[in-house]
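J.: heads up, no residue letters with this:
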């Protein structure tokens with residue numbers, strides 16, 4: 001984990017827990033206690049009022065009496081929140097499921113107008129469909145973390161996605177596509193893509209993808225018509 005991300009994670013942990021020892025924070029962040037205290041100094045330099053209390057029952061905490069929190073969400077984090085909210089909303093009878101959409105709307109409303117338009121355009125590229133059929137569920141496997149991470153990067157940055165693919169008939173091919181959309185049919189998901197080599201929209205199931213990579217030097221412009229052609 002890069003230091004900037006680790007310091008952000010440290011602040012989030014302290015705000016969520018109220019108080020923690022250096023040892024507890026070190027275990028959570030998988031770093032040494034010395035690194036934790038260096039990161040705490042970095043928080044203080046940013047103006048975060050971190051205070052320490054030695055002895056039994058002591059620990060590190062943020063003084064909330066003088067602290068205000070500014071939330072800055074990355075694009076991927078907003079998409080993950082929206083996807084979680086949409087899945088929760090569709091789960092009948094789940095506590096607080098009616099509140100998740102309103103909560104996300106409030107998060108988006110707090111953003112600058114340009115940033116809000118950018119994120120809503122990205123969210124329109126994510127489609128949550130009906131759950132997968134029993135036959136699909138039976139044969140589905142979890143994708144590798146490499147597939148998940150590389151897809152997220154290509155989707156967010158609007159870059160080409162290269163991979164090896166085995167279709168339902170067992171035919172193996174190598175592809176380079178533009179990942180315009182994502183279709184989620186729990187527990188599986190599909191890449192809704194434009195295939196430049198074939199000049200047509202194509203859909204690829206996540207657990208049939210292997211050896212993913214970021215391809216194409218230029219970015220593409222997301223096309224809603226590609227998503228609409230494949231989402232049915």
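T.: Arrived safely, thanks for sending. Model, not experiment: these values are computed from the prediction.
J.: What is the lowest-mean-pLDDT helix or strand in the chain packed up against?
T.: One helix or strand of the chain scores below all others by mean pLDDT, DSSP states H and E: helix 100-109, with a mean of 74. With contacts defined as 3 or more C-beta pairs under 8 Å, 6 or more residues apart in numbering; DSSP states H and E, the secondary structure elements packing on helix 100-109 are helix 75-90, helix 113-123. Just so you know, the C-beta spots here come from the backbone N, C-alpha and C atoms, and that holds for glycine as well.
J.: Give the buried residues for it.
T.: For helix 100-109, the neighbour count (16 or more other C-beta atoms under 10 Å) marks 100, 104, 107, 108 as buried.
J.: what do you get for stretch 110-124?
T.: 111, 119, 122, 123.
J.: got it, and stretch 168-175?
T.: Buried residues in stretch 168-175, defined by neighbour count with 16+ other C-beta under 10 Å: residue 175.
J.: Please apply the same query to stretch 215-231.
T.: Under 16+ other C-beta under 10 Å, the buried positions of stretch 215-231 are 216, 220, 222, 223, 226, 227, 229, 230.
J.: quick one: residue 123 and residue 75, what's the gap?
T.: When distance is defined by C-beta to C-beta, to the nearest Å, residue 123 is 10 Å away from residue 75.
J.: Also residue 158?
T.: Residue 158 sits at a distance of 11 Å from residue 75 (criterion: C-beta to C-beta).
J.: Flag the shaky bits of this protein, pLDDT-wise.
T.: 1, 55-57, 64-73, 91-93, 98, 232 (pLDDT under 70).
J.: Direction included, what does the lengthiest strand in it pair up with?
T.: When the chain is scanned for its longest strand (criterion: DSSP state E), the result is strand 172-185. When pairing is defined by DSSP bridges, strand 172-185 lines up against strand 126-128 (parallel), strand 160-166 (antiparallel), strand 188-195 (antiparallel).
J.: May I see those strands arranged in CSV, with mean neighbour count and distance to residue 45 as well?
T.: Putting those into CSV (neighbours: other C-beta atoms under 10 Å; distance: least, C-beta to C-beta, whole Å) gives the following:
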stretch, mean neighbour count, distance to residue 45
strand 126-128, 18, 37
strand 160-166, 19, 39
strand 188-195, 22, 41
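J.: List the residues that contact residue 226.
T.: With contacts defined as C-beta atoms under 8 Å, 6 or more residues apart in numbering, residue 226 is in contact with 180, 181, 192, 193, 194, 201.
J.: Closest to residue 170 out of those residues?
T.: Residue 170 lies nearest to residue 193 out of the contacts of residue 226, by C-beta to C-beta, at 20.5 Å.
J.: Show me what that closest one bridges to in the sheet.
T.: With DSSP bridges applied, the residues forming beta bridges to residue 193 are residue 179, residue 202.
J.: close enough to count as contact, it and residue 183?
T.: No: when contacts are counted by C-beta atoms under 8 Å, residue 193 is not listed as touching residue 183 (10.6 Å).
J.: Spit out the residues that contact the two alike.
T.: Applying C-beta under 8 Å, 6+ apart, one finds that residue 193 and residue 183 are jointly contacted by residue 203.
J.: Can you pull the domain assignment for the protein?
T.: According to the domain assignment given by automatic domain parsing, the chain is divided into the following structural domains: 3-62, 75-123, 134-231.
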